[in-house]
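A.B. asks: Build the 3D model from these lines:
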Amino acid sequence: MQNRSYPLISNNLSEIKENILATLAYFDMFNYPLTRAEIYLFLKSKHHYEQFEDALRCLLNDTVIHQFDRFYTLKNDHNTILRRNDGNKKAAELIKVAEKVGDLLIRFPFVRGIAISGSLSKNFADDESDIDLFIITEKNRLWIARSIMHCFKKLTFLINKEHLFCMNYYIDMQELEIKEQNIYTAIEVGTLIPLQGDVIFEKFYAANTWTREYLPNKNMRISSAKPVKTSAFKSLMEQVLNFMPINWLDNLLERITAGRWKKKTVLKKLNSHGVIMGMLTGKHYAKPDPVNFQKKLLTRYNNKVAELLHNYGHSLAH
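C.D. replies: All right, here's what the predicted structure looks like:
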């Protein structure tokens, strides 16, 4: 499990100030300023709100953080606020599209839950944003469901709509717990916007209560998910597939897909964002792994927080 504690550099730096700075530091890596309420939601410890406000005011007075309108940031740059406001407006439009995409994809065999993930789940989008989706399938049917859905995605390239169907993270009902448990995955889980499958997402969040260790103030969103309506076509397709040697087929599709993705990584093929493609695979999961992105991000975050606390403690000492 990722170590998430940072030693206080100065006795003048209280735990709550440390937590505020660490929270802002995380979102600063994405140039995303936060509101007061958002900072509080993403704190890694529980604090009385009055104490939180006092600490926030102190950090502002010390010019360690900056306030523009209702947003707080480590950068003394109003352009980050303009960027966020613009990104929030575009996200609101794209989320409406994502809801329609969810209504379509839930009709595919063995799909039990769909949620928005990535930057869109943080309420941000720009002109190049995709609709990243987190998919939960029936147990031991992940690779069949994924293969059918990605065959459909091939068709979306014909009409230049592939960016609306970025189904890049799959788990199945056999293993709902996210194995990598750190600040990055906690925030990714905590900011998911469930679209379909209210019951399955209740089970998903129950299996991932470890996120409270990192986000004790954050409540998971289930109310946004619709209950899954079973269609006659979906039921028929699942019955037909279940007549086949389905476990063998699921295992075969896993091996084929894993081999293809491993080859892409070795050949250093790039995705649409210019990053070397990579995917981690197993019987119960398929998740993106673009050049150890998660590990690099956590290292960058830890270094950023350590430097921030050191500089603030040093300034107070003088």
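A.B. asks: Tell me where the stretch 1-150 of the chain has helices.
C.D. replies: 15-28, 36-41, 49-61, 79-105, 118-121, 142-156 (DSSP state H, counting those that start in this stretch).
A.B. asks: Just name whatever secondary elements the fourth one is in contact with.
C.D. replies: Using 3 or more CB pairs under 8 Å, 6 or more residues apart in numbering; DSSP states H and E as the contact test, the elements touching helix 79-105 are strand 71-73, strand 111-116, helix 118-121, strand 132-137, strand 193-196. Every C-beta, even on glycine, is put in place using the N, C-alpha and C of the backbone.
A.B. asks: Going by neighbour count, which residues in that helix are buried?
C.D. replies: Of all the residues in helix 79-105, those buried under the rule 16 or more other CB atoms under 10 Å are 80-81, 83-84, 87, 90-91, 94-95, 98-99, 101-102, 105.
A.B. asks: which two in those residues are spaced the farthest apart?
C.D. replies: For the buried residues of helix 79-105, with distances taken as CB to CB, the pair at the greatest spread is I81 and L105 (34.6 Å).
A.B. asks: got the CA positions of stretch 233-243 in PDB?
C.D. replies: Extracted C-alpha coordinates of stretch 233-243, given in PDB (Å, rounded to 0.1, in the frame of the first residue of the first chain):
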ATOM      1  CA  PHE A 233     -32.400  -9.200 -26.900                       C
ATOM      2  CA  LYS A 234     -29.700  -9.100 -24.200                       C
ATOM      3  CA  SER A 235     -31.100 -12.000 -22.400                       C
ATOM      4  CA  LEU A 236     -31.400 -14.000 -25.600                       C
ATOM      5  CA  MET A 237     -27.800 -13.200 -26.500                       C
ATOM      6  CA  GLU A 238     -26.500 -14.300 -23.100                       C
ATOM      7  CA  GLN A 239     -28.500 -17.500 -23.300                       C
ATOM      8  CA  VAL A 240     -27.100 -18.300 -26.700                       C
ATOM      9  CA  LEU A 241     -23.500 -17.600 -25.600                       C
ATOM     10  CA  ASN A 242     -23.900 -19.700 -22.500                       C
ATOM     11  CA  PHE A 243     -24.700 -22.700 -24.700                       C
END
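A.B. asks: just to revisit the earlier point, right, so of the helices and strands packed on helix 79-105, which gets closest to M220?
C.D. replies: Of all these, strand 193-196 comes closest under CB to CB, at 8.7 Å.
A.B. asks: quick one: contacts of the closest one?
C.D. replies: The contact list for strand 193-196, computed with CB atoms under 8 Å, 6 or more residues apart in numbering, reads 95, 98-99, 102-103, 105-106, 111, 113-116, 120-121, 201, 221-222, 224-226, 228.
A.B. asks: Write the ChimeraX selection for whichever of those residues are buried.
C.D. replies: In ChimeraX, this line selects whichever of the contacts of strand 193-196 come out buried by 16+ other CB under 10 Å:
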select :95,98,99,102,105,106,111,113,114,115,116,120,121,201,221,222,224,225,228
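A.B. asks: Check the secondary structure at Y301 for me.
C.D. replies: Counting by DSSP: H, G, I helix; E, B strand; the rest coil, the backbone at Y301 sits in helix.
A.B. asks: so who does it touch?
C.D. replies: Residues counted as contacts of Y301 (CB under 8 Å, 6+ apart) are 25-26, 29, 183-184.
A.B. asks: Scan those and report the most crowded one.
C.D. replies: Among the contacts of Y301, I183 has the most neighbours (other CB atoms under 10 Å), with 23 neighbours.
A.B. asks: for that residue, phi and psi?
C.D. replies: As for I183, its main-chain torsions (degrees, to the nearest 10) stand at phi -60, psi -40.
A.B. asks: What of M167?
C.D. replies: The phi/psi pair for M167 (degrees, to the nearest 10) reads phi -90, psi 80.
A.B. asks: next one: T281
C.D. replies: Per-residue torsions, T281: phi -130, psi 150 (degrees, to the nearest 10).
A.B. asks: That one: neighbouring residues, count only.
C.D. replies: By the criterion of other CB under 10 Å, T281 has 20 neighbours.
A.B. asks: isn't it right next to T257, touching?
C.D. replies: Yes - counting by CB atoms under 8 Å, T281 touches T257, with 6.6 Å between them.
A.B. asks: Please identify the buried residues of the helix or strand hosting L249?
C.D. replies: Here L249, judged by DSSP states H and E, is contained in helix 246-266. Residues of helix 246-266 classed as buried under the neighbour-count rule (16+ other CB under 10 Å) are 250, 253-254, 257-258, 261, 264.
A.B. asks: Kindly provide the whole-number mean pLDDT of it.
C.D. replies: On average, the pLDDT along helix 246-266 is 89.
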